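> coordinates only, sequence not included:
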């Protein structure tokens, strides 16, 4: 059984016309992709979820902080200061 999970959200994907897309916040069926993952992982047994951020990490951190709390699940956000190199 899975008890810990890591969501990698530190990268940058240049889009067309010079815009950047935060794929983890892209809506899928009305919810950002990351929200689907965070809500489903506890159903698989994860009780400790870590989100690794880098590029535009403040936006992702704010999003995670605004999610409804899931009982008995810890969701933390950590920074990867070397996200450009990975």
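All right, it came through fine. As the structure is a computational prediction, the values presented were derived from the model and not from experiment.
> tell me the spacing between residue 44 and residue 27.
Distance of residue 44 to residue 27, given as C-beta to C-beta, to the nearest Å: 23 Å. (Each C-beta comes from the backbone N, C-alpha and C, glycine too.)
> ok, now which ones touch the residue nearest to residue 73 when sequence neighbours are not counted?
Nearest residue to residue 73 in three dimensions, chain neighbours excluded: residue 42, at 5.0 Å (C-beta to C-beta, 6 or more residues apart in numbering). Residues in contact with residue 42 (C-beta atoms under 8 Å, 6 or more residues apart in numbering) are 70, 72-73.
> look at residue 42 and give its secondary structure.
helix (DSSP: H, G, I helix; E, B strand; the rest coil).
> kindly report the same for residue 2.
coil.
> check the gap between the residue nearest to residue 73 and residue 64 for me.
Residue 42 is 14 Å from residue 64, by C-beta to C-beta.
> tell me where the chain has helices.
Listed in chain order, the helices of the chain (DSSP state H) span residues 33-40, 57-66.
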